[in-house]
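**Student:** Whatever this is, show me its structure:
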Amino acid sequence: MRTNRIMLRIIQVATFVAVLPVFLILIAILAKGLGTLDLAFLVNNPLDEQVGIANAIKGSLAMTGIALLISAPIGIAAAIFLNEYASTAVQRIGDTLVDILLGVPSIVAGLFIFLLVVPALGYNGYAGALALSVLMTPVVIRTTQEVLRLVPAGLREASLALGVPMWRTTIFVTCRTALSGILTGLVLALSRGIGETAPLLLTAQGSNDSVIDLGAPLSSMTIVIYNNTISSDPIKFAQAWTCALVLFAIALTLNVLIRFKTINSRVL
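**Tutor:** Predicted coordinates for the structure are as follows:
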């Protein structure tokens with residue numbers, strides 16, 4: 001009993017230490033970002049009389065949205081193949097490759113698209129979306145794999161025993177059962193993509209233009225944060241914290257919404 005109590009206290013302390021940085025980051029962002037947060041900052045553009053980040057918000061959402069449209073079908077299809085159809089040898093190779101992709105630094109993905117796309121098409125939002133999709137796809141694959149592995153084998157066997165084809169069993173039984181987990185994985189991938197900076201500096205580059213044109217250099221919230229933090233202007237430095245607060249709020253909202261939907265689907 002005494003050993004159990006000691007181990008329980010150790011685990012509690014370790015949990016507290018693990019989550020403490022999250023709360024410290026949140027407190028710092030709120031303390032330094034609320035000062036310059038107002039409606040004009042959210043709806044104005046950089047060249048307006050009162051500087052805003054409307055174009056950066058739209059640019060971030062546009063590029064991560066396109067990246068998700070690219071990475072979601074590829075990642076889910078790859079995960080289904082590896083988990084449901086691939087042989088053990090192919091599955092091991094696939095898992096190793098996914099692990100490697102998960103460990104690739106974001107700037108490497110940016111350099112890859114920079115060398116592959118930028119020389120032909122120039123700096124633009126599409127190149128930024130492609131760079132983000134390189135980072136988001138392995139996240140989608142791994143999270144989808146994990147939730148598919150949690151689906152009981154008995155469900156698949158029961159469906160196949162009734163004469164349902166394998167592809168219909170995969171789509172309407174396996175994937176439907178794991179749908180909430182798959183959606184959570186998509187949000188995790190989206191959260192990673194929307195917070196990346198290095199790939200966009202090498203591909204989208206950033207712009208003060210209020211018109212969102214994916215075929216031209218495009219701004220994002222992370223680019224604004226980077227540019228403002230290296231500025232010597234204290235006002236811009238404060239606006240970088242405010243932009244970080246907006247970015248944090250968007251990512252938090254996405255996660256809360258998907259968690260709420262997941263809970264409701266389980267109840268129903």
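**Student:** Give me the below-cutoff pLDDT ranges for this structure.
**Tutor:** Low-confidence segments of the chain, defined by pLDDT under 70: 261-268.
**Student:** could you point out the longest helix in it?
**Tutor:** helix 234-267 (DSSP state H).
**Student:** Distance check, residue 50 against residue 239.
**Tutor:** Using Cβ to Cβ, to the nearest Å, residue 50 is found at 11 Å from residue 239. Every residue, glycine included, has its C-beta placed from N, CA and C.
**Student:** neighbour count winner among these two?
**Tutor:** The residue with more neighbours, out of residue 50 and residue 239, is residue 239; 25 against 10, by other Cβ atoms under 10 Å.
**Student:** Okay, the more buried one and residue 151: tell me how far apart.
**Tutor:** 47 Å.
**Student:** give me the number of residues near the residue lying closest to residue 220 once chain neighbours are set aside?
**Tutor:** Once flanking residues are discounted, residue 220 sits nearest to residue 60: 4.3 Å by Cβ to Cβ, 6 or more residues apart in numbering. Residues within reach of residue 60, counting by other Cβ under 10 Å, total 30.
**Student:** List the residues that contact residue 60.
**Tutor:** By Cβ atoms under 8 Å, 6 or more residues apart in numbering, the contact list for residue 60 reads 194, 220-222, 247, 250.
**Student:** and if you look at residue 195?
**Tutor:** 222, 247, 251 are the contacts of residue 195 under Cβ under 8 Å, 6+ apart.
**Student:** Could you pull up phi and psi at residue 163?
**Tutor:** Torsion angles at residue 163 (phi, psi; degrees, to the nearest 10) stand at phi 90, psi 10.
**Student:** Sorry, wrong one. I was asking about residue 218.
**Tutor:** phi -130, psi 140.
**Student:** give me every residue that touches the residue lying closest to it once chain neighbours are set aside.
**Tutor:** By the measure of Cβ to Cβ, 6+ apart, the closest residue to residue 218 outside its immediate chain neighbours is residue 125, 3.7 Å from it. Neighbour list for residue 125: 59, 62-63, 66, 204, 212-218 [criterion: Cβ under 8 Å, 6+ apart].
**Student:** close enough to count as contact, residue 201 and residue 110?
**Tutor:** Yes - look at residue 201 against residue 110 with Cβ atoms under 8 Å: they come within range, at 7.0 Å.
**Student:** Between these two, point out the one with more neighbours.
**Tutor:** A direct count of neighbours by other Cβ under 10 Å for residue 201 and residue 110 places residue 110 higher, at 27 against 21.
**Student:** if I pick that one, what's in contact with it?
**Tutor:** Here residue 110 is in contact with 131, 198-203 (criterion: Cβ under 8 Å, 6+ apart).
**Student:** among those, which are in strands?
**Tutor:** Using DSSP state E, no member of these falls in strands.
**Student:** tell me which element residue 228 is part of?
**Tutor:** Assessed by DSSP states H and E, residue 228 sits inside helix 221-229.
**Student:** Also residue 26?
**Tutor:** Going by DSSP H and E, residue 26 is part of helix 2-33.
**Student:** among the contacts of residue 60, who's most crowded?
**Tutor:** Of the contacts of residue 60, with other Cβ under 10 Å as the count, residue 220 tops at 33 neighbours.
**Student:** For that one, give its distance to residue 87.
**Tutor:** In terms of Cβ to Cβ, residue 220 sits 41 Å off from residue 87.
**Student:** picking up where we left off before, turn the contacts of residue 60 into TSV, including distance to residue 138.
**Tutor:** Output for those, formatted as TSV (distance: Cβ to Cβ, whole Å):
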residue	distance to residue 138
194	16
220	21
221	23
222	20
247	22
250	22
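**Student:** In this structure residue 204 contacts residue 216, no?
**Tutor:** No - contact between residue 204 and residue 216 fails when scored by Cβ under 8 Å: they sit 9.3 Å apart.
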